[in-house]
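> how does the following fold in three dimensions:
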Amino acid sequence: MYNKNLLSKNILAAAVLSCGLSAQAAPAFQIERLEPANWWAGMQHPQLQLMLYGKDIAKLTPALNYDGVSLAGVERTANPNYLFVNLTLEKDVKPGDITLQFSLDGETVLSHNYPLLKRREASAKRQGFSAADVIYLLVPDRFANGNPANDNKPGMADKLNRADDNGRHGGDLAGMQSALGYIADMGYTTIWPTPLTENNQSAYSYHGYAATDLYNIDARFGTNSQYHDFVAAANSKGIKVIQDIILNHIGNEHWWLKDLPDNNWLNNQEFLTGKPFIGTN
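Okay, the predicted model is just below:
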């Protein structure tokens, strides 16, 4: 005699165990970072390189099917957690979401919709600054504090300390925007702020030249959306804005430093411990 209930339970347990083992065996892939986060249709140069970061993502093979966009190639480095995807965009490509499919051994294991945005009308015809402009250079943290609520942010080590010459003093985008009339009345036609990108350093972060994220405004200055509003407000007063961004060096707390893309990613890579500014290749 056998116990039907016991047999059923054993079969069910075996099935659950089997499913669990199968789930564990299948590698889970995730895009932890993708830079740049979006692009625009109609740019002058047709080439676009995407940098993807995620555990063992270099094992994957990308593919796409989008009119006007072709896969020009894939580059891998010594670090399997990075994958560089090269795209070619046709001149007449339409804005939309490019669906990137990633496969392993012929099976799709990951999908991502990459935004290709519409450019603003006459965007390519915008006039840059020239010798005809009068440029006002300012250090945002030292200029005007329009929003004391963002002086300190959780997860950001360098706190407000106006008593310290090298500490943060609280200036921000809100303060800059509130002073646009004052700057325009003085006759300035262009504002040049020192870098506003995130500098999440342990100290001496106010100046902006030790970036830890090249794609996001430092939260103590405001947000990407607030930066957009600031530029629009400046333009409405006939003032241009220069975006100061330094692409050949970063802060030593930049996320790359936690897991470098390659063994030659930085200049003098083997001598860089403890330095606040780091030069990239």
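
> contacts only, for Pro154.
Going by Cβ atoms under 8 Å, 6 or more residues apart in numbering, Pro154 touches no other residue. Any C-beta I mention is one placed from the backbone N, CA and C, and that applies to glycine too.

> so where does it fall, helix or strand?
Using DSSP states H and E, no element contains Pro154; it sits outside every helix and strand.

> mean confidence for stretch 104-120?
Stretch 104-120 carries an average pLDDT of 96.

> go through stretch 143-162 and flag the buried ones.
Neighbour-count burial for stretch 143-162, counted by 16 or more other Cβ atoms under 10 Å, picks out 143-147, 150-151, 156, 158, 160-161.

> sorry, slip of the keys, the one I care about is stretch 179-199.
By neighbour count on 16+ other Cβ under 10 Å, the buried set for stretch 179-199 is 179-180, 183-184, 188-199.

> in strands only, show me the residues you listed.
190-193, 197-198 (DSSP state E).

> let me know the closest of those to Ala174.
Pro193 (13.1 Å; Cβ to Cβ).

> number of residues surrounding the closest residue to the closest one other than its chain neighbours?
Excluding the flanking residues, the one nearest Pro193 by Cβ to Cβ, 6 or more residues apart in numbering is Pro140, at 5.1 Å. Using other Cβ atoms under 10 Å as the criterion, Pro140 is surrounded by 25 other residues.

> can you show me the helices along the stretch 101-250 of the chain?
All helices of the stretch 101-250 of the chain, identified by DSSP state H, counting those that start in this stretch, fall at 140-143, 173-178, 180-185, 224-236.

> turn these into CSV, columns for mean pLDDT and distance to Asp92.
Shown next, in CSV, are the helices of the stretch 101-250 of the chain (pLDDT from 0 to 100; distance: least, Cβ to Cβ, whole Å):
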stretch, mean pLDDT, distance to Asp92
helix 140-143, 98, 39
helix 173-178, 98, 36
helix 180-185, 98, 38
helix 224-236, 97, 27
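
> now do the contacts for the nearest residue to Asp218 once chain neighbours are set aside.
The shortest distance from Asp218 to any non-neighbouring residue, by Cβ to Cβ, 6+ apart, is to Glu198 (4.5 Å). Taking Cβ under 8 Å, 6+ apart, we find Glu198 in contact with 211-213, 216-219.

> show me the beta-bridge partners of Glu198.
Beta-bridge partners of Glu198, counted by DSSP bridges, are Asp213.

> follow-up on the earlier one: so which of the helices of the stretch 101-250 of the chain gets nearest Leu100?
Leu100 sits nearest to helix 224-236 of all these, at 22.7 Å, using Cβ to Cβ.

> all good on my end, thank you.
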